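Undergrad: Here you go, sequence then predicted model.
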Amino acid sequence: MVIRPPKLDVLILSAADDLETEIRAERASALERAGSRAERAMAAFHAAVGDKRASLIKPAADALHGYMIQRELMGFRGHAEVLERLAVPRQVIAKIGVR
């Protein structure tokens, strides 16, 4: 029995597959982090009252915008379910320009 080393093109494909798997894992992790930031920002916004709530509009909009960008990078185009699930108010939506 003769043992032959794998062909070079198989090794290259394997390395490319490993890299692609790593990239996908990082994208998923980034999406999760952005989603968590958006959830925390919206929870803080909903818990606040008066002037404190007004001061949290921009941070909430920034976190939500970052989450939407990450979703789009992953191929998710619709944001309606996110806006509904997080109960995003109009003043936050207006700050990021979503219609």
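TA: Perfect, I can see it now. Residues are numbered from 1 along each chain as shown.

Undergrad: where does Asp62 fall, phi/psi-wise?
TA: phi -60, psi -40 (degrees, to the nearest 10).

Undergrad: ok, now Phe76?
TA: phi -80, psi 120.

Undergrad: residue ranges of the helices in the protein, please?
TA: Along the chain, counting by DSSP state H, helices occupy 8-47, 50-55, 57-73, 80-85, 90-96.

Undergrad: how about CSV for those, with mean neighbour count and mean pLDDT added?
TA: No exception for glycine: its C-beta is placed from N, CA and C like everyone else's. Below are the helices of the chain laid out as CSV (neighbours: other Cβ atoms under 10 Å; pLDDT from 0 to 100):
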stretch, mean neighbour count, mean pLDDT
helix 8-47, 13, 87
helix 50-55, 11, 94
helix 57-73, 18, 95
helix 80-85, 12, 95
helix 90-96, 15, 93
